[in-house]
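# Take this sequence and fold it.
(2 chains)
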2 protein chains.
Amino acid sequence: MKLVDIYFQLKADVNYIEQELERAIDTQLRDLYLSSTHLLKAGGKRIRPVFVLLGGKWGTYDLDRLKHIAVSLELIHMATLVHDDVVDDADKRRGRETVKAKWDNKVAMYTGDYILARALSTVTKLANPQIHQILSHAIVEMCKGEIEQVRDLHNWEQGFRTYLRRIKRKTALLIAISCQLGAVASEASADLVRRMFRYGYNVGMAFQITDDILDFTGTDKQLGKPAGSDLRQGNITLPALYSATKGANKERFQNWIAQGTLQEHMDEAIELIRRGEGIAVAQSLAARYIERARQELAGLPENQTKKSLLEIASFIGERKF
Amino acid sequence: MKLVDIYFQLKADVNYIEQELERAIDTQLRDLYLSSTHLLKAGGKRIRPVFVLLGGKWGTYDLDRLKHIAVSLELIHMATLVHDDVVDDADKRRGRETVKAKWDNKVAMYTGDYILARALSTVTKLANPQIHQILSHAIVEMCKGEIEQVRDLHNWEQGFRTYLRRIKRKTALLIAISCQLGAVASEASADLVRRMFRYGYNVGMAFQITDDILDFTGTDKQLGKPAGSDLRQGNITLPALYSATKGANKERFQNWIAQGTLQEHMDEAIELIRRGEGIAVAQSLAARYIERARQELAGLPENQTKKSLLEIASFIGERKF
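Next up is the predicted model:
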């Protein structure tokens, strides 16, 4: 079973969510309409909605309930991307200009605020307080993750645990609650809700680690932005951290860092990381998270949903873009 | 009955809310702690929490429920101020440096996001879905109001209705729902909930119009920022709009606008507005909103709460700072 087949099976529902996404941020204010639909129209994997739908298969699958969660989570994700691009000073995202590049930082700030507000408004159509508590807690943690990312910029003293905690907050948690809230909204058992959360958490960790690997190993075209962007902006991810503190070339990195000349040697540094052991270390860690995600599903009935979740886990572990 | 007496009567509860505000945004992340408590420590009238408490007097007054709403609304207000200061490029607020001035725009963006996230998290402690719907709808409208403010900058073609709709979204609605949600949380009757909303809406409109007047008539010291700041930033409020389109000096304004030389004549323009008919027109409109607010209370039993709400309405109509 391939990822394309999973999307094919869910196609009608994913298309419906796509329409609902557009409806959710629609507005008569033209400028706001343009800036807030800009990122939406760039497309995307819509992996969070897919996880909500799959999470929802473990109980009473009700698209009319699930859509509110799927739309809300995808919008929250989009809102954070719009704000991230301000903080990262990024001009490209998914091969398109970012909101902050096409308009400016102020428009990007309000567009992100607006998209988030619409996300909140959408989810309030569900009455279950547990859903709101899980969601708002995750938003708090995501904000902390973003702040940690700013704090940890250019900080080579950070350990692997700092990196892992940051990507948990920044990425894994939203994916975890996508799976979890799908299960909650379909009134699946407490055990299944917990499994879905942990499956999503582990997949999410692997997803971000893989993203951080691809930032070094991908081509500019695959990435839709220049390779090595993270490091150029001072965002120190696992492959870089390993190369600079444990790898065969750590002396050279430590010299550049001590002398403050890393920026001048950036192309060389990126090449060293690309060819260094940090990539394999990160790959192996991602594989471990994928394995843990798969284990969460062990013991669950063999059905289409389980197959799909296993396939997505494998895909994320092996993805090349 | 004076404003100070109202606060005196509610003092214990307002102090409790103040502590809860600090608790709500507390975090182990030191930088985030400093930036997010920066505005909180500048103090403020806490008028939204006071309205929540007074709204809560019309049903079963339960501070343990009301505190979640009061904290959430004050935090939402603070989050918007932190983001507003980025958009307005403002260096001073309540006589103190703004977050964006003390740190930078990026920190201000995330600090605002974090404060908002904590606000959401706080209110999810209440299960009533109506509360979440009212709140999230208001946040969407506030975002629209902020975007309209950016869109309408330097636009002298806007009519009075555009101004009124903008301040409704930007200010009046949050005050309206402060009163309303206090009543909702205390399970007051539907009629009282509606009255509280409309009282708050009218008081909120008067509040913002008065704010816009004071921006011209106040001293730098009273305002904690330079007088005429709004117009200097291109934010066209009622006194300015009236002077430029209906007042005795409208020819001069129209010439400056047509020739694009308003900025050069800014001090003169501000002086003309300060002495012009726009101030009286705005004062009279504010008075009408105050009168409507008072009328919403007519027919309600004569009690302490009603007295307090009437007094606050009068205070807002007459405030000098």
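
# pLDDT score for the most centrally placed residue in chain A?
Residue closest to the average C-alpha location in chain A (C-alpha atoms, centre = their mean): A:Thr171, at 4.3 Å. As predicted, A:Thr171 sits at a pLDDT of 95.

# do the same with A:Leu297
For A:Leu297, the model assigns a pLDDT of 97.

# Give me every residue in the stretch 101-250 of chain A that's in contact range of chain B.
Counting by C-beta under 8 Å from any C-beta of the partner chain, the residues of the stretch 101-250 of chain A lying close to chain B are A:105-107, A:109-110, A:113-114, A:116-118, A:120-121, A:123-127, A:129, A:132-133, A:135-137, A:139-140, A:142-144, A:146-148, A:150-151. Using the backbone N, CA and C atoms, a C-beta is placed for each residue, glycine as well.

# thought the residue nearest to the centre of chain A was touching A:Gln208?
Yes. A contact is recorded between A:Thr171 and A:Gln208 when judged using C-beta atoms under 8 Å, the distance being 4.0 Å.

# Write a PyMOL command that selects only the buried members of the residues of the stretch 101-250 of chain A next to chain B.
Applied in PyMOL, the following selects the buried portion of those according to 16 or more other C-beta atoms under 10 Å in any protein chain shown:
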select buried, chain A and resi 105+106+107+109+110+113+114+116+117+118+120+121+123+124+125+126+132+135+136+137+139+140+142+143+144+146+147+148+150+151
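
# out of the residues of the stretch 101-250 of chain A next to chain B, which are inside strands?
The strands, defined by DSSP state E, take in nothing from these.

# where does chain A have low pLDDT?
With pLDDT under 70 as the threshold, chain A has low-confidence stretches at A:1, A:320-321.

# which one in it is furthest away from the centre?
Counting by C-alpha atoms, centre = their mean, the extreme residue of chain A relative to its mean C-alpha position is A:Gln259, 34.2 Å from that point.

# Got phi/psi on that residue?
Here is the backbone geometry of A:Gln259 (degrees, to the nearest 10): phi -90, psi 0.

# cool, A:Arg93 as well?
When quoted as degrees, to the nearest 10, the phi and psi of A:Arg93 stand at phi -150, psi 130.

# And it, how close does it get to B:Ile167?
Using C-beta to C-beta, to the nearest Å, one obtains 34 Å as the distance from A:Arg93 to B:Ile167.

# Between A:Thr171 and A:Gln208, which contacts overlap?
With C-beta atoms under 8 Å, 6 or more residues apart in numbering or on different chains applied, the contact sets of A:Thr171 and A:Gln208 do not overlap.

# what about the closest residue to A:Gln254 other than its chain neighbours, how many neighbours?
Of all residues not flanking A:Gln254 in the chain, A:Ala244 sits nearest, at 7.0 Å (C-beta to C-beta, 6 or more residues apart in numbering or on different chains). One way to gauge burial is a neighbour count; for A:Ala244, by other C-beta atoms under 10 Å in any protein chain shown, it gives 24.

# mind listing the strands in chain A by residue range?
Secondary structure of chain A (DSSP E): strands at A:92-93, A:96-97.

# Need the contact partners of the first one.
Just to be clear, that refers to strand A:92-93. For strand A:92-93, contacts defined as C-beta under 8 Å, 6+ apart pick out A:39, A:42, A:81, A:85, A:98, A:101, A:224-225.

# Dump the residues you listed to JSON lines, plus neighbour count.
Shown next, in JSON lines, are the contacts of strand A:92-93 (neighbours: other C-beta atoms under 10 Å in any protein chain shown):
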{"residue": "A:Leu39", "neighbour count": "24"}
{"residue": "A:Ala42", "neighbour count": "16"}
{"residue": "A:Leu81", "neighbour count": "21"}
{"residue": "A:Asp85", "neighbour count": "22"}
{"residue": "A:Thr98", "neighbour count": "24"}
{"residue": "A:Ala101", "neighbour count": "16"}
{"residue": "A:Gly224", "neighbour count": "14"}
{"residue": "A:Lys225", "neighbour count": "20"}
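
# Return the member of those nearest to A:Tyr199.
Using C-beta to C-beta, A:Leu81 is the member of the contacts of strand A:92-93 that lies nearest A:Tyr199, at 23.6 Å.

# Number of residues surrounding A:Ala248?
Based on other C-beta under 10 Å, the number of other residues close to A:Ala248 is 11.

# Correct me if wrong: it contacts A:Glu277.
Yes. The pair A:Ala248 and A:Glu277 passes the contact test of C-beta under 8 Å, sitting 6.7 Å apart.

# If we ignore the residues flanking it in sequence, what's nearest A:Gln180?
Spatial nearest neighbour of A:Gln180, excluding adjacent residues (C-beta to C-beta, 6+ apart): A:Phe197 at 4.0 Å.

# Contact partners for that neighbour?
Shown in contact with A:Phe197 (C-beta under 8 Å, 6+ apart): A:176-177, A:179-180.

# Need the max-distance pair from those.
Greatest spacing in the contacts of A:Phe197, by C-beta to C-beta: A:Ile177 and A:Cys179 (7.4 Å).

# Now do the shared contacts for these two.
Residues touching both A:Ile177 and A:Cys179 (C-beta under 8 Å, 6+ apart): A:197, A:200.

# who are the neighbours in contact with the residue nearest to the centre of chain A?
Contact criterion C-beta under 8 Å, 6+ apart gives A:145, A:204-205, A:207-208, A:211 as the residues in contact with A:Thr171.

# mind redoing it with 7 Å?
Counting by C-beta atoms under 7 Å, 6 or more residues apart in numbering or on different chains, A:Thr171 makes contact with A:204, A:207-208.

# Select only the buried ones of these in ChimeraX?
A single ChimeraX command selects the buried members of the contacts of A:Thr171 (16+ other C-beta under 10 Å):
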select /A:204,207,208
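
# Could you tell me which of the contacts of A:Thr171 are located in helices?
Secondary structure from DSSP state H places A:204, A:207-208 of the contacts of A:Thr171 in helices.

# Go through stretch A:235-246 and flag the buried ones.
Of all the residues in stretch A:235-246, those buried under the rule 16+ other C-beta under 10 Å are A:235-245.

# Sort out which one of the residues you listed lies nearest B:Gln254 for me.
Within the buried residues of stretch A:235-246, the smallest distance to B:Gln254 is 51.3 Å, found for A:Asn235 (C-beta to C-beta).

# isn't that closest one right up against A:His154?
No. Counting by C-beta atoms under 7 Å, A:Asn235 sits too far from A:His154 to count as a contact (8.8 Å).

# Give the closest residue to the residue of the stretch 151-300 of chain A found nearest chain B in space, chain neighbours not counted.
Distances from the stretch 151-300 of chain A to chain B, computed as C-beta to the nearest C-beta, single out A:Arg151 as the nearest residue at 5.8 Å. Taking C-beta to C-beta, 6+ apart, and ignoring the residues beside it in sequence, A:Arg151 has B:Asp31 as its nearest neighbour in space, at 5.8 Å.
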